[in-house]
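**Q** build me a model:
(chains A, B and C)
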Amino acid sequence: MTNATKLLLAAACVLFLLVGVPALIAATGRNDLYYTLTSVALLSIISGGVWLTFYIGRINIGQGAFALLGGYVSAVLVTAYGISFWLTLPVAGLVCALASVLIGLPILRLRGVYFAMVTLTLTEVMRLLALAVPITNGAKGIVSIPLPGGVSLFGLTLIPDFATLENPRLAFYLASVVLMVLCFGALYRLVHSRIGHICLSLQQNEELASSIGVNIASIRVLAYAISSFLGGLGGAMFAAISQSIYPSSFTVADSVNFMLNCFLGGLHYVLGPILGTFALYFGWDLLFQTGVYQLLIFSSALIVLMLVLPNGLLSLRLPRKKGA
Amino acid sequence: MEQVIANGLYLGAQYALIALGLTLIFALMNVLNFAHGQMYVLGGFVTYTIYGQLGLPFVLALACSALTLAIVGALVEKFLFRPVIKRSAREESTMLLAAAIAFLMDAIILILFGEKQRGVPKIINGVFVSDSLVMPYDRILVGVIAIAMIASFMAYMQYSRTGRAMRALAQDRVAAQLMGVNVDRYSMIGFALGALLAGVVGGLLVTITGVNSGIGGPISIKAFLMVMIGGAGVVGGAIAGGFILGMMESVGLNVLREFGDVTYLVIFVLLMVFLSLRPNGLMGKPWG
Amino acid sequence: MDYILEVSNLTKRYGGLIANSGISFGVKEHEILSVIGPNGAGKSTLFKQIASFVTPTEGEVRFRGERISGLSPHKVARLGVVRTFQETTIFKTMSVRDNIIIAHQLRARTGLAGFFFGTRTAREDEAAFARSADEIIDFLGLGHQRHEIASNLPHGHLRALGIAIGLATNPAVLLLDEPFAGMNHDETRRAVEIVRAVRARGVTILLVEHDMPAVMNISDRIVVLNFGQKIAEGTPKEIQENQNVIDAYLGVEDESIGM
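**A** The predicted model follows:
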């Protein structure tokens, strides 16, 4: 595929998501699907971050920590300081990125299972922090967060006040899809530029990478910061949609799920996390009617999938040869 | 003071036993067994059913916990991990498989035993009281059994044929294979043994703290902590990690009692600082 | 005498074990200097210390008079001292060409942001790297494997790829880690030619090697280690006649000397 056809295809997909899906939902009256699809979009963003850490060769099971942190940063800023949600969104991402730099500097020196274990405990640390710190209101969480307000520039309304909308679900869906497209667009560009190649070189051999002059420590921290930024962004948006955040909003199980999303979609493809999240989330949702057996069937399906396709869904596609 | 140390030792012995199982599986197969906590929970429920519900002797119940988990461990290794390890391209695959197994076990335990907190009658009554120490006899007994288990596990690894084969396997898989060690067989035995240890601790602790279906995950996290402190894949490290965590918890709960969960927060932060200084834990081998 | 690379009193202890003890020598610009020694003589420890992958316990390594010991490996590479690895250390899933292109990182004139946004300089850099990679590929005779995934390469070509990755960084000094290990006679001959050709590009070469005939053939000067200490230094002819060296090799492994 040439770049032009790729771009055209991507544009068609975005158009379908922004116009086609709402039209279909309006036609079928399945308004509940908005929440599901919005969740998929946001969880993909969060998982996209995990994917990037996979790409530098680190198994990240701590993304829930940053999603939680992002959610709280936004929620606190909106409720306690009355700052516009749209401003808190990037702030949440940046706070997470900053936190991940501080945490990442020591722990990114760890590899393999060690790194995985430390990140796993990170989610737990964040939950305990949320319980302990006064500003987060402990186990009761922060509730009744107001809906995002409007944004206008020179009297021109860019984003309407969500509280005045007759269908805020649609608005959240559109906002989340736009956010997802932006994030994955940036991620795609990143991975397909020289930076992506450098990340890949880290994944394959850090010693060799440093011998050709790559500052592996700073690249690792950079990738981890971007990853956490995405986690914070997704978490903040989630808090806005559910208008609440609790210490248990993102748990260790969620962190594991983010990793599963990436893996299921395939670790070689930037868009893998979207596919993986979609498959897992819908699979989980479809099993809702089975009640107590939901987790049983879901986990059995996962195990079977691992047995049949130990290298992920997209491993069905043969690895293409790279080169000019 | 004595009280804190006694509590720490009692907790540490249980923890060390859990960590030993986890580190054994890691050493043999390079698998991080996410389902370790769930195995502990299952062990607890088996003892709960046989000792608490059916009223059979505790020793029998504990043996059943051990046996059940050994069988579960062997089956999980043979039919799940072995094929995936053979065919997967990256080490992440086994981690995801382990996560899926943890979910599956959570689901099965929930369906079989419900979500209520379950307890059993005390195995022995009475409390040991001295000037500086108050310790119920059942805790003392459980602590002693755990320490005896640790000692026999170490002796088994050191002196038995199977133990030696497993140590060879842990040190260098390829070399062990060349030397004629049946890798598949000992991987399976090792996994079964690791699961067995988790089940035994579950069976022991159900008599004191009870058990509920939701604690599998948190137990796994604690086990990871201990392994990280001591160094992954090293028997001595697991034991050290278990006792250190037990002591830290005991001291922390004593000093920081009014702050609730802050104890764990402090432990986690200390761990991060520690790992940034010693990335491989106390006794772990360096990577690469 | 001015040396481009100077090793002085280099000592490395691991606990009670002494891997290197008071090693000193210098490398002249544009020469090929080999470090040899029996197994366990401390060659690879020395090698890692020169490339700054390991920090010496005592002593230092200076490049153009500047201390490089203790700097991180990527900084040392930036200064112009670049190491290669033994054969399995390549970017396995990338093509041969991509392996070499990525290794041009040091020559980038723009930061990561520049590459993200695809600025003019970044695009020029990319084009220049690709041209240079193709030139290196032809220079080392890897033309047929240009688009092959690196992990599929045969043995001898892997070694050449390792050198190609090193060359792409445009080093002043290239450190080669056992470039002839495990090669048959023909392969060794070709590899020796490659190393000579690399030197002809103006690169100073320090290599650590086991294969005595190849070393005797290629080196301007040789440093011999035994039990972590330097026991001899000189031209191949001087080394061949040095009684210490003969004893060291005869005492440890008879046939490896190959003379």
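**Q** flag the shaky bits of the chain, pLDDT-wise.
**A** Let's take chain A. Along chain A, segments meeting pLDDT under 70 span A:1, A:312-324.
**Q** you answered for a different chain; I wanted chain B.
**A** Filtered on pLDDT under 70, chain B yields the residue ranges B:258-261, B:285-288.
**Q** tell me which residue of it lies closest to chain A.
**A** For chain B, the residue closest to chain A is residue B:276, as judged by Cβ to the nearest Cβ, at 2.9 Å. For every residue, glycine as well, the C-beta is placed using N, CA and C.
**Q** so which residues on chain A come close to chain C?
**A** Residues of chain A lying close to chain C by Cβ under 8 Å from any Cβ of the partner chain are A:189-190, A:193-195, A:197-198, A:200-201, A:204-205, A:207-208, A:210-217, A:222, A:321-324.
**Q** of the residues you listed, which are in range of chain B?
**A** residue A:207.
**Q** sticking with the residue of chain B closest to chain A, tell me its helix or strand.
**A** In this assignment (DSSP states H and E), residue B:276 forms part of helix B:262-277.
**Q** next: residue B:135.
**A** Using DSSP H and E, residue B:135 sits in strand B:134-136.
**Q** same for that strand, what does it pack against?
**A** Using 3 or more Cβ pairs under 8 Å, 6 or more residues apart in numbering or on different chains; DSSP states H and E as the contact test, the elements touching strand B:134-136 are helix B:2-29, strand B:127-129.
**Q** mind listing the strands for chain A?
**A** For chain A, the strands defined by DSSP state E occupy A:151-153, A:156-159.
**Q** can you add mean neighbour count and distance to residue B:247 and give those back as TSV?
**A** TSV is the format used below for the strands of chain A (neighbours: other Cβ atoms under 10 Å in any protein chain shown; distance: least, Cβ to Cβ, whole Å):
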stretch	mean neighbour count	distance to residue B:247
strand A:151-153	12	54
strand A:156-159	11	54
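**Q** okay if I get those as JSON lines plus distance to chain B?
**A** Listed next are the strands of chain A as JSON lines, based on distance: least, Cβ to the nearest Cβ, whole Å:
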{"stretch": "strand A:151-153", "distance to chain B": "37"}
{"stretch": "strand A:156-159", "distance to chain B": "38"}
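**Q** residue in the stretch 151-259 of chain C nearest to chain B?
**A** Closest residue of the stretch 151-259 of chain C to chain B, Cβ to the nearest Cβ: residue C:151 (11.6 Å).
**Q** in chain C, mark out all the strands, start to finish.
**A** For chain C, the strands defined by DSSP E occupy C:5-14, C:17-27, C:32-36, C:58-63, C:66-67, C:81-83, C:173-177, C:204-208, C:221-226, C:229-234.
**Q** A strand includes residue B:39, no?
**A** No: using DSSP: H, G, I helix; E, B strand; the rest coil, the assignment for residue B:39 is helix, not a strand.
**Q** got the contact list for it?
**A** Applying Cβ atoms under 8 Å, 6 or more residues apart in numbering or on different chains, we find residue B:39 in contact with B:21, B:33, B:69, B:72-73, B:105, B:195, B:198-199, B:202.
**Q** and if we set it to 7 Å?
**A** By Cβ atoms under 7 Å, 6 or more residues apart in numbering or on different chains, the contact list for residue B:39 reads B:69, B:72, B:195, B:198-199.
**Q** how about residue C:42?
**A** Taking Cβ under 7 Å, 6+ apart, we find residue C:42 in contact with C:19-20, C:225, C:228.
**Q** burial count for the closest residue to it other than its chain neighbours?
**A** Sequence neighbours aside, residue C:228 is the residue nearest to residue C:42 in space, at 4.1 Å (criterion: Cβ to Cβ, 6 or more residues apart in numbering or on different chains). Look at residue C:228: counted by other Cβ atoms under 10 Å in any protein chain shown, it has 22 neighbours.
**Q** narrow the residues of chain A next to chain C to those in helices?
**A** Among the residues of chain A next to chain C, the ones falling in helices (DSSP state H) are A:189-190, A:194-195, A:197-198, A:200-201, A:204, A:207-208, A:210-211, A:216-217, A:222.
**Q** from residue B:30, how far off is the closest residue to residue B:183 other than its chain neighbours?
**A** Closest residue to residue B:183 in three dimensions, ignoring its sequence neighbours and counting by Cβ to Cβ, 6+ apart: residue B:177, at 5.2 Å. Computed as Cβ to Cβ, to the nearest Å, the residue B:177 to residue B:30 distance reads 15 Å.
**Q** spell out which residues of the stretch 201-324 of chain A are next to chain B.
**A** Within the stretch 201-324 of chain A, the positions near chain B by Cβ under 7 Å from any Cβ of the partner chain are A:252-253, A:256, A:259-260, A:263, A:292, A:295-296, A:299-300, A:302-303, A:306-307, A:310-311.
**Q** which of those residues are buried, as a ChimeraX select command?
**A** In ChimeraX, a selection of the buried entries from those looks like this (16 or more other Cβ atoms under 10 Å in any protein chain shown):
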select /A:252,256,259,260,263,295,296,299,300,302,303,306,310,311
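**Q** in contact with the closest residue to residue C:47 other than its chain neighbours, which residues?
**A** The shortest distance from residue C:47 to any non-neighbouring residue, by Cβ to Cβ, 6+ apart, is to residue C:208 (4.8 Å). Residues counted as contacts of residue C:208 (Cβ under 7 Å, 6+ apart) are C:35, C:43-44, C:47, C:177-178.
**Q** what would the residues you listed look like in JSON lines with neighbour count, distance to residue A:8 and pLDDT?
**A** Output for the contacts of residue C:208, formatted as JSON lines (neighbours: other Cβ atoms under 10 Å in any protein chain shown; distance: Cβ to Cβ, whole Å; pLDDT from 0 to 100):
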{"residue": "C:35", "neighbour count": "27", "distance to residue A:8": "58", "pLDDT": "93"}
{"residue": "C:43", "neighbour count": "24", "distance to residue A:8": "58", "pLDDT": "89"}
{"residue": "C:44", "neighbour count": "16", "distance to residue A:8": "54", "pLDDT": "88"}
{"residue": "C:47", "neighbour count": "20", "distance to residue A:8": "53", "pLDDT": "92"}
{"residue": "C:177", "neighbour count": "20", "distance to residue A:8": "49", "pLDDT": "90"}
{"residue": "C:178", "neighbour count": "20", "distance to residue A:8": "52", "pLDDT": "88"}
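**Q** pick the one among these closest to residue B:252.
**A** Using Cβ to Cβ, residue C:44 comes nearest to residue B:252 of those, at 45.5 Å.
**Q** ok so, going back, name the element the residue nearest to residue B:183 belongs to?
**A** helix B:173-178.
**Q** the helix or strand just after that helix - contacts with which helices or strands?
**A** Proceeding N to C from helix B:173-178, the next assigned helix or strand is helix B:183-205, under DSSP H and E. If you count contacts as 3 or more Cβ pairs under 7 Å, 6 or more residues apart in numbering or on different chains; DSSP states H and E, helix B:183-205 packs onto helix B:2-29, helix B:36-47, helix B:58-75, helix B:137-159, helix B:161-171, helix B:173-178.
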